[in-house]
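**Student:** from the sequence below, what's the structure:
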Amino acid sequence: MMQSRTHTCGQLRIENAGERVTLVGWMENVRVVGNNFAFLVLRDFYGTTQIVVETEEIMNIVKGINKESTISVTGTVRERAAEAVNPGHTKIGRVASGDQFIADKEKKDFIIEKTQALCTEMEGAAIAQTAYRNGVPFVILRAISDKADNSAEMDYPTFETLSAHRCAEVTHRLARTLLEAESA
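**Tutor:** Okay, here's the model as predicted:
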């Protein structure tokens, strides 16, 4: 049986809202939220797309599929609700770097007070220093998995998939912007 798709996972945009599409790819992850509600991450060579599962019938089908299985999904593209976009989750600012993993609220509060940093990490400073010494432009993207206070918003595998997707989107947009600016 030949599987045909109308779009790749990397193609869908807000302009596609309302269109009926077929995607084909690997089932990367499923986050079950309720009895008949889940988020499925579908991945192909071009990107990832979040599929919303909202019926008992489809939920039963999804439960029987192993991760990394090739699947075909047909449905209508919907615009994400404004409250689900999480615009406040993207921040631009100072990142503190050091030689410790910070998992203590008191240490975290001290670092914020002294540096006004948005987060801490352990690898970026060495890369930044090397880039600076060699005159290479540098930007760091960090996805914050927890707040050093036992208040993680989701399990780590779900976070890892989501943050990788978001970092890839930012990197792709940045590269496209730089190429457009260079050719202008």
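**Student:** right, and Ser4 touches Thr22 too?
**Tutor:** Yes. Ser4 is within contact range of Thr22, at 6.8 Å (criterion: C-beta atoms under 8 Å). Glycine gets a C-beta too; all of them are placed from N, C-alpha and C.
**Student:** more crowded one of these two?
**Tutor:** The neighbour comparison of Ser4 against Thr22 (other C-beta atoms under 10 Å) goes to Thr22, with 13 against 8.
**Student:** name the residues that touch the longest strand seen in the chain?
**Tutor:** With secondary structure taken from DSSP state E, the chain has its longest strand at strand 20-34. Outside strand 20-34, the residues that touch it by C-beta atoms under 8 Å, 6 or more residues apart in numbering are 3-9, 12, 38-44, 48-49, 51, 53, 59, 62, 65-77, 154, 157-158, 161.
**Student:** go with 7 Å
**Tutor:** By C-beta atoms under 7 Å, 6 or more residues apart in numbering, the surrounding residues in contact with strand 20-34 are 3-7, 9, 38-44, 48-49, 62, 65, 67-74, 76-77, 157-158, 161.
**Student:** check which residues of it are buried.
**Tutor:** Val21, Leu23, Val24, Gly25, Trp26, Met27, Glu28, Asn29, Val30, Arg31 (16 or more other C-beta atoms under 10 Å).
**Student:** the last one bridge partners, please.
**Tutor:** Arg31 has these beta-bridge partners by DSSP bridges: Phe39.
**Student:** ok, now how distant is it from Leu162?
**Tutor:** Look at Arg31 and Leu162: by C-beta to C-beta, to the nearest Å, they are 9 Å apart.
**Student:** quick check: next helix or strand after the host helix or strand of Asn60?
**Tutor:** According to DSSP states H and E, Asn60 maps onto helix 56-63. Beyond helix 56-63 on the C-terminal side, the first helix or strand identified by DSSP H and E is strand 70-76.
**Student:** quick one: contacts of that next one?
**Tutor:** So strand 70-76 is contacted by Gln3, Gly18, Arg20, Thr22, Leu23, Val24, Trp26, Met27, Leu42, Ile51, Ile65 (C-beta under 7 Å, 6+ apart).
**Student:** which of these lies closest to Ala168?
**Tutor:** Minimum distance to Ala168 across the contacts of strand 70-76 is 14.8 Å, recorded for Leu42 (C-beta to C-beta).
**Student:** so what does the helix ranked longest in the chain touch, helix or strand wise?
**Tutor:** Ranked by number of residues, the top helix in the chain under DSSP state H is helix 156-183. Contacts defined by 3 or more C-beta pairs under 7 Å, 6 or more residues apart in numbering; DSSP states H and E place helix 156-183 against strand 20-34.
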